[in-house]
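Undergrad: I would like the atomic coordinates for the input below:
(2 chains)
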Amino acid sequence: MLGLNKKDTNLLIIVAIMTMLAPFLLNPFPEGSALAQFNAGYPDLMQRFVIFGIFAMGFNLLFGLTGYLSFGHAAFLGVGSYAAIWMMKLLTMNVIPAIIMSIVIAGLFAVVVGFISLRRSGIYFSILTLAFAQMSYALAYSVLTPITGGETGLQPKPNDPRLLDPALADGVTPRAGLFGLEMSSSTELSIGGWVFTFNAGYYVAAVVMLIAFYLSIRIFRSPFGMMLRAIKSNQQRVNYTGLNSKPYTLAVFVISGMYAGLAGGLLVAMDTQVGPERMFWTASGEVVIMTILGGAGTLIGPVLGAGLLKYMENILSKINKGVIEGWFAWAPDGLDSVLIYTVNMFVGKQWHITTGVIFMLVIIFLPGGLVELGKRGARVFRRRDRKGLGLEPDAAKQRNAAE
Amino acid sequence: MTKLNLTRRGLIKTGAVAGAGLAAPQLLLADGHAGFTNAPTGSTVTLGFNVPQTGPYADEGADELRAYELAVEHLNGGGDGGMMNTFSSKALQGNGILGKKVEYVTGDTQTKSDAARASARSMIEKDGAVMITGGSSSGVAVAVQALCQEAGVIFMAGLTHSNDTTGKDKKANGFRHFFNSYMSGAALAPILAANYGTDRKAYHLTADYNWGYTTEEAVRTSTEAMGWETVAAVKTPLTQTDFSSYIAPVLQSGADTLVLNHYGGNMVNSLTSAVQFGLRDKQVNGKDFQIIVPLYSRLMAKGAGANVKGIFGSTNWHWSLQDEGSKAFVKSFGTKYGFPPSQAAHTCYVQALLYADAVERAGSFNPCAVGAALEGFEFDGMGNGPTLYRAEDHQCFKDVLVVKGKENPESEFDLLEIVEVTPAAQVTYDPAIFGGDLGTCNPGA
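TA: Modelled structure (predicted):
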């Protein structure tokens, strides 16, 4: 279907179903129960899952396929965001021009950065991209304050020109929308104790994510993608065979930058505000962690990694001491304070520790990321191997070795 | 490529799924229409405390959170009641807010507007918070304030000193108790004139971001008005830790006063550097060289240690104030945590109480009703003397403290001494000077 083989089609369909049913899947605990703390099915986080999924997917096209580790990808995210917010201030609150412009501007910026940075490879490339990103951050933070709003960032204001939109009624704040459908509008469905929220913005972002995912599959399976893998395995050899590898690396760098720009534009479309921290080096580091956590070079890995990291950032960081005390109210004196102390070390403001520990465990035991975990799990439960008699275990062993 | 194989069973299955999909929207129930976002329905009401728990202002954030926990305790009738006993409005009964027990959720702003907005959105969308408060940076305050305006909840700003928060970026749903750069300038100028004369040459070092700009402008305008001359104003990067290359040119410029428009770690480093260079022992133009820090906090004074001795600055509140409200707050905070509160803790505690009181007086959690109750509200007994929540820009007008580093501190908290309490009238300004548009209140849903 759509030029994909059966396996990829299935993957795309599964991802599509999961994203469409996310409001249900992410809200497994009934409202008001103690575990409701762990629900992630609210619009903001769902939007972040898919948007950072796109960001990581784009990063993975560059890092996973060519092995070029960019440490400055957040710059494209930020540039895309600024482009989008300016479209909203000058043209219209409709998200389509904002998103298109964010991709275009981020792409152009990526051409410039890529042209210079790709003259080097390995660590030198990483440092060059990092330098560009920090430069962009510093510019946005202070020097370019008239364009970027400096520390306070930019937001659409009621008195912006907005050439295509009719004038706002008095006292109405501008809201991002898609031909009248407001991104922030939600419908709630309550069944029993459960409340599921369906947010317009989330579904717009999810559809864009599916398109981006489809494109990413096509790039992975194309001759172009094969060329990129060749560059990853041995760029020198590619050069010696007479192929000029530079256009390929630049092309994928720009595509990757456009993915980041798209993510930046979507962030603005969902939440109409942008600040310079979006370009800070920690944001660039975050996307590296997401990709490696999920599985670099795999199709679905980066999306899973992005989801896991954003989940921890938003859910774990909100568990404060009062909440933990509630959990261990049953424990006898003495034991409860020990439990509270131990758990408190890993949640709330210390959520970075948990992230770090998980990241280390993944790197040490699952170099292929969460995707490898899934594969190993599937291998254990694969029916044909378990039920196999006589010849089959041997055959399975050979096949697993080959895979 | 796959071939489309149409079977009877497949067709029925597809039809059933499609039918269910089409029918689903009919089941969707609209939000419970109480007229505003997150109207509390049960016996509790949830407030969102959004403070920096990691990053450069984590110390301030931790103190803010302590103050909020204390405020919740007092609102629910626990503890000794703190400022509720001295507050001029007696609407609060110690039985929660409108009889509903106060519960709270916390979040980490990381002093980044993106993280702060994500955290605030999760409080509003997931936890049903009806008010968001806190923060320790103007960038964050402006970002979260705009979010609350869109979402239809009240925002009670925490520590934010830039003019923009209630100036060009003001919003109808946002309220600020803390003072601003303009007030710092206006309060400091007369004290500086009295102590250092009216013919000084000032050299500004300014942190290169919005708050730095507004502070520099405020101090420049008010000192130039009384006869000072500004020799130069140099911007320093926010991430700068070594200021020696910025301090060295100060003496060559012929300036006899250095103004450090820096906050937090920046100020600690630049002041230490300036003192180590021996600036304060120098004589320029026949006058002793002086250093000024427009915005002081106890946490900063602690960081800079002995270097702050004798240096003038302004602050919103200080625990050594002797009015009834301040004494009550310092007592209950000290009993609970064992040390005196910072100005960040004070402003956050007061904001929480002011919100609760406004809800009681309005008789509703509706942001528009609460906003109307806060607008033009005059109160006393909260540590700053008689205070007005101005209706035009949602900024509090109250006395401003001019302080200086204490020469002989008695404890690690006793670092600043109050030089003068500048009356509110002297720091009041026309709300139109900063531009911006309040808009109308948004109750959301």
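Undergrad: looking at the chain, which helix or strand does the model trust least?
TA: Using chain A. Lowest by mean pLDDT, DSSP states H and E among the helices and strands of chain A is helix A:383-386, with a mean of 57.
Undergrad: Could you tell me whether residue A:243 really is in a strand?
TA: No - under the criterion used here (DSSP: H, G, I helix; E, B strand; the rest coil), residue A:243 is coil, not part of a strand.
Undergrad: Just the CA trace of the helix or strand harbouring residue A:356, in CSV.
TA: Under the criterion of DSSP states H and E, residue A:356 resides in helix A:351-365. In CSV, the C-alpha atoms belonging to helix A:351-365 read as follows (Å, rounded to 0.1, in the frame of the first residue of the first chain):
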residue,chain,number,x,y,z
TRP,A,351,13.3,13.4,37.8
HIS,A,352,16.6,13.9,35.9
ILE,A,353,18.2,11.2,38.1
THR,A,354,15.5,8.7,37.0
THR,A,355,16.0,9.7,33.4
GLY,A,356,19.8,9.3,33.8
VAL,A,357,19.5,5.9,35.3
ILE,A,358,17.1,4.6,32.6
PHE,A,359,19.4,6.1,29.9
MET,A,360,22.4,4.3,31.4
LEU,A,361,20.5,1.0,31.7
VAL,A,362,19.4,1.2,28.1
ILE,A,363,22.9,2.0,26.8
ILE,A,364,24.5,-0.8,28.8
PHE,A,365,21.9,-3.6,28.4
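Undergrad: any idea which helix or strand comes after that helix?
TA: Next along the chain from helix A:351-365, counting by DSSP H and E, comes helix A:369-381.
Undergrad: which residues sit against that next one?
TA: For helix A:369-381, the external contacting residues (C-beta atoms under 8 Å, 6 or more residues apart in numbering or on different chains) are A:292-296, A:298, A:300-301, A:304-305, A:308, A:362, A:366, A:368, A:385, A:400. Yep, even glycine has a C-beta here, placed from its N, CA and C like the rest.
Undergrad: can you tell me how far residue A:47 sits from chain B?
TA: 9 Å (C-beta to the nearest C-beta, to the nearest Å).
Undergrad: Next up, the contacts around that residue.
TA: A:199, A:201, A:202, A:205, A:266, A:270, A:271.
Undergrad: For the helix or strand where residue A:227 lies, which helices and strands make contact with it?
TA: Per DSSP H and E, residue A:227 falls inside helix A:223-240. Judged by 3 or more C-beta pairs under 8 Å, 6 or more residues apart in numbering or on different chains; DSSP states H and E, helix A:223-240 is in contact with helix A:43-66, helix A:246-270.
Undergrad: Would you map the strands across chain A?
TA: Applying DSSP state E to chain A gives strands spanning A:177-178, A:181-182, A:186-191, A:194-199.
Undergrad: Reformat these into TSV and put mean pLDDT, mean neighbour count and distance to chain B next to each item.
TA: Below are these laid out as TSV (pLDDT from 0 to 100; neighbours: other C-beta atoms under 10 Å in any protein chain shown; distance: least, C-beta to the nearest C-beta, whole Å):
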stretch	mean pLDDT	mean neighbour count	distance to chain B
strand A:177-178	86	18	12
strand A:181-182	85	13	10
strand A:186-191	85	15	5
strand A:194-199	88	20	7
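Undergrad: returning to what we had before: mind checking the helices and strands packed on helix A:223-240 for the one nearest to residue B:410?
TA: Taking C-beta to C-beta, helix A:43-66 is the member of these nearest to residue B:410, at 48.0 Å.
Undergrad: and the closest one with strand A:186-191, angle?
TA: Angle of helix A:43-66 versus strand A:186-191, following axes from the mean of the first three to the mean of the last three C-alpha atoms, to 10 degrees, is 100 degrees.
Undergrad: tell me the SS of the closest residue to chain A within the stretch 301-445 of chain B?
TA: As assessed by C-beta to the nearest C-beta, chain A sits closest to residue B:440 within the stretch 301-445 of chain B, at 3.2 Å. Of the three states, residue B:440 takes coil under three-state DSSP.
Undergrad: Counting neighbours, what do you get for it?
TA: By other C-beta atoms under 10 Å in any protein chain shown, 15 other residues sit near residue B:440.
Undergrad: What of residue A:203?
TA: So residue A:203, with other C-beta under 10 Å, has 20 neighbours.
Undergrad: what does the one 3 residues further on give?
TA: If you count neighbours by other C-beta under 10 Å, residue A:206 ends up with 23.
Undergrad: and the nearest residue to it once chain neighbours are set aside, what does it touch?
TA: Leaving aside its sequence neighbours, residue A:206 sits nearest to residue A:19 (C-beta to C-beta, 6 or more residues apart in numbering or on different chains; 4.4 Å). Contact partners of residue A:19, counting by C-beta under 8 Å, 6+ apart, are A:50, A:206, A:209, A:210.
Undergrad: neighbours of residue B:290, just the number please.
TA: Count around residue B:290 with other C-beta under 10 Å applied: 20.
Undergrad: how about it, phi and psi?
TA: In this entry, residue B:290 is assigned phi and psi values of phi -130, psi 150 (degrees, to the nearest 10).
Undergrad: Residue B:414 touches residue B:406, doesn't it?
TA: Yes - judged on C-beta atoms under 8 Å, residue B:414 makes contact with residue B:406 at a distance of 6.4 Å.
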